[in-house]
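Novice: predicted model, plus sequence, below.
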Amino acid sequence: MSDNDISTAKPVMDPAPVPGLSGKPLNVACACVTLNQTRLDQALTDAFGDRAFAAGLRDSHPHLVSAQPVFVSAADVEAIAKAVTAIEAVAARPAFEHLVNARAPDIAKKPPGPIGVFMGYDFHMSASGPRLIEVNTNAGGGLLNAHLREAHRTCCHDLTTTTRLPATLDATLDAYMAAFEAEWQRIGPNKGAGRPLSSVAIVDRAPSSQYLYPEFRLFEQMFRARGVDAAIADPDELAFDGEQLTLHGRRIDLVYNRLTDFYLDDPASAALRASYAAGTTAITPNPWVHAHYADKRNLVVLSDSAALASMGLEAEHIATLRDVVPATSLVTPQTADANWAVRKHLFFKPFGGHGGKAAYRGDKLTRTVFAEIAKGGYIAQELVAPSVRTVMVDGVPQLLKADVRAYTYDGQIQLVAARLYQGQMTNFRTPGGGFAPVLIVADVMAACGCA
């Protein structure tokens, strides 16, 4: 049965737990289909005002969303929340600020005010709890996942419903909007803040060609529905006159920055860079946020208990990070031989990488590729295998890999979602895969409650 067959008129409870997998964790044994495609289509239609948007999204992005949720225990969600709090505490330490500023480009050294909407903390769920894989400062999918969660129905008993997360779509959207408003106010009264946010540009290179362009359009509608003028733009459409950032003559208060040009080095980002340096526009996320959170070298510090203690970090936070952050080290010519010897247990990532680009599992490496890695610019992270989720593809159960992302603002989790995939990295090309809502349960080892 395809996703499109699922409707409110005929809720789908089948398939039941997969034969031969009884006694396994919920994510393996329970193949419940919970996506209500009709409800999702209606939510997107309500948000966008055009039924063709939902139909077009299904056609253009067939593997964007999964029909099945991922189960995560309440204890693991609490562990994720503690990890976020601990990482935010590290970022606030003066010694950490000094370390980051010693290596960051000048544009990323001075706090600009805005602290970054849609921080993404990505985890693999191990048998001993969540393990942090990386931190992203322009994490996509937050708005799509809010709508997706609303379109899934609870199919299993004993779900934990008492959490600190927004409980409804409206509450989640309110939290998102409050974050953007807070970013605008953080820029300071000398730059026009103190009045309500009135104009936003959602910025990426060639935005209509980006895979998550449909989400950009949803954000545009979210802002407009709340009385904020919004437009999607390429950075080279922006202009800066020394005082004000504009888009085709319209003043821009805030830029929701989806660029992977993290330090605004591209010539197309010149106006954005000048406005950021002048402090006249709230740009979120921004170079300062990337340097202090998403640069992969930060994982080396976060996994080093002695370094954290020397920074004066509280013992509770050190213990949290010891449990959550896999051992990580810099790759240098001097460490190359040692790294190669244990490569099968490592994952190699570039300092400023994103979306899995130029990242390698050690057991897949050739000598030639490793020779380039060994020149520097990479971290080596202890390999943590992703958990798995059973999904139904054309009526046949298949195991996909899963990772879990916490979307946060100012250290608070706004939404938890998952991504299902095959291969080395999330790719949105896997039948049965894509974004999936997280259902928080008391025990992921519980029996499936499907009727």
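Specialist: That came through, no problem.
Novice: parallel or antiparallel, list what pairs with the lengthiest strand in the chain.
Specialist: Longest strand in the chain, counting residues (DSSP state E): strand 396-409. When sheet partners are counted by DSSP bridges, strand 396-409 sits next to strand 119-126 (antiparallel), strand 387-393 (antiparallel), strand 412-421 (antiparallel).
Novice: pLDDT averaged over it - what is it?
Specialist: For strand 396-409, mean pLDDT is 94.
Novice: hey, C-alpha coordinates of it in PDB?
Specialist: Output of strand 396-409 as PDB, limited to C-alpha atoms (Å, rounded to 0.1, in the frame of the first residue of the first chain):
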ATOM      1  CA  VAL A 396       7.600  -6.100   2.200                       C
ATOM      2  CA  PRO A 397       9.400  -5.200   5.500                       C
ATOM      3  CA  GLN A 398      12.800  -3.600   5.100                       C
ATOM      4  CA  LEU A 399      15.300  -2.300   7.700                       C
ATOM      5  CA  LEU A 400      16.400   1.300   7.200                       C
ATOM      6  CA  LYS A 401      19.000   3.300   9.100                       C
ATOM      7  CA  ALA A 402      17.700   6.000  11.400                       C
ATOM      8  CA  ASP A 403      19.000   9.200  13.000                       C
ATOM      9  CA  VAL A 404      17.300  11.600  15.300                       C
ATOM     10  CA  ARG A 405      17.500  15.400  15.100                       C
ATOM     11  CA  ALA A 406      16.500  17.800  17.900                       C
ATOM     12  CA  TYR A 407      15.600  21.300  16.500                       C
ATOM     13  CA  THR A 408      16.400  23.900  19.200                       C
ATOM     14  CA  TYR A 409      16.400  27.600  19.900                       C
END
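Novice: what pLDDT does the model give Ala446?
Specialist: pLDDT, read off for Ala446, is 70.
Novice: give me the contact list for stretch 101-118.
Specialist: 100, 137-140, 142, 176, 179-180, 183, 186-188, 256, 263-264, 273, 276-277, 279, 282-293, 295, 297, 407, 409-410 (Cβ atoms under 8 Å, 6 or more residues apart in numbering). All C-beta spots, glycine's among them, are computed from the backbone N, C-alpha and C.
Novice: before we move on, the earlier item: turn the strands paired with strand 396-409 into CSV, including mean pLDDT.
Specialist: Formatted as CSV, the strands paired with strand 396-409 follow (pLDDT from 0 to 100):
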stretch, mean pLDDT
strand 119-126, 96
strand 387-393, 92
strand 412-421, 95
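Novice: and those as a markdown table, adding distance to Leu302 and mean neighbour count?
Specialist: Below are these laid out as a markdown table (distance: least, Cβ to Cβ, whole Å; neighbours: other Cβ atoms under 10 Å):
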| stretch | distance to Leu302 | mean neighbour count |
| --- | --- | --- |
| strand 119-126 | 11 | 22 |
| strand 387-393 | 21 | 21 |
| strand 412-421 | 18 | 23 |
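Novice: which one, of those, ends up nearest to Phe370?
Specialist: strand 119-126 (23.2 Å; Cβ to Cβ).
Novice: one step back: looking at the contacts of stretch 101-118, which are in strands?
Specialist: Under the assignment DSSP E, the contacts of stretch 101-118 contribute 256, 282-284, 407, 409 to strands.
Novice: what about Val200, how many residues close to it?
Specialist: By the criterion of other Cβ atoms under 10 Å, Val200 has 26 neighbours.
Novice: should've said Pro235
Specialist: By other Cβ under 10 Å, neighbour count at Pro235 equals 23.
Novice: residue contacts, Asn339?
Specialist: For Asn339, the contacting residues are 331, 346, 348, 362, 370, 374, 380, by Cβ under 8 Å, 6+ apart.
Novice: tell me how far it lies from Ser310.
Specialist: Using Cβ to Cβ, to the nearest Å, we find Asn339 at a distance of 25 Å from Ser310.
Novice: from the chain's centroid, how far away is the longest strand of the chain?
Specialist: Put simply, strand 396-409 sits 11 Å off its chain's centre (Cα atoms, centre = their mean, to the nearest Å).
Novice: so which bits of it are buried?
Specialist: 397-409 (16 or more other Cβ atoms under 10 Å).
Novice: and stretch 90-110, by the same measure?
Specialist: Going by neighbour count (16+ other Cβ under 10 Å), the buried part of stretch 90-110 is 90-91, 93, 96-97, 99-101, 104, 107-108.
Novice: just these: which are in helices?
Specialist: Members of those lying in helices (criterion: DSSP state H): 90-91, 96-97, 99-101.
Novice: which among these gets closest to Asp41?
Specialist: Top of the list for closeness to Asp41, among those and by Cβ to Cβ, is Ala91 at 40.1 Å.
Novice: surely that closest one is in contact with His292?
Specialist: Yes - judged on Cβ atoms under 8 Å, Ala91 makes contact with His292 at a distance of 5.1 Å.
Novice: find the residues that touch each one of those two.
Specialist: Taking Cβ under 8 Å, 6+ apart as the criterion, Ala91 and His292 both touch Glu97.
Novice: what stretches of the stretch 251-400 of the chain score poorly on pLDDT?
Specialist: Applying pLDDT under 70 to the stretch 251-400 of the chain flags residues 353-356.
Novice: swap in 80 and give it another go.
Specialist: 352-357 (pLDDT under 80).
Novice: quick one: the helices in it?
Specialist: Under the criterion DSSP state H, counting those that start in this stretch, the stretch 251-400 of the chain contains helices at 270-278, 287-289, 298-302, 305-310, 315-324, 336-341, 367-373.
Novice: show me the strands in the stretch 101-250 of the chain, by range?
Specialist: Secondary structure of the stretch 101-250 of the chain (DSSP state E, counting those that start in this stretch): strands at 119-126, 129-136, 199-203, 229-233, 238-240, 245-247, 250-251.
Novice: the fourth one pairs with which strands, and in what direction?
Specialist: This points to strand 229-233. For strand 229-233, pairing defined by DSSP bridges yields strand 199-203 (parallel).
Novice: would you confirm that Gln68 belongs to a strand?
Specialist: No - Gln68 sits outside any strand when classified using DSSP: H, G, I helix; E, B strand; the rest coil, being coil.
Novice: okay, the ones in helices among the buried residues of stretch 90-110 in CSV with distance to Phe240 and pLDDT next?
Specialist: Listed next are those as CSV, based on distance: Cβ to Cβ, whole Å; pLDDT from 0 to 100:
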residue, distance to Phe240, pLDDT
Val90, 34, 98
Ala91, 29, 97
Phe96, 31, 98
Glu97, 28, 97
Leu99, 32, 97
Val100, 27, 97
Asn101, 25, 96
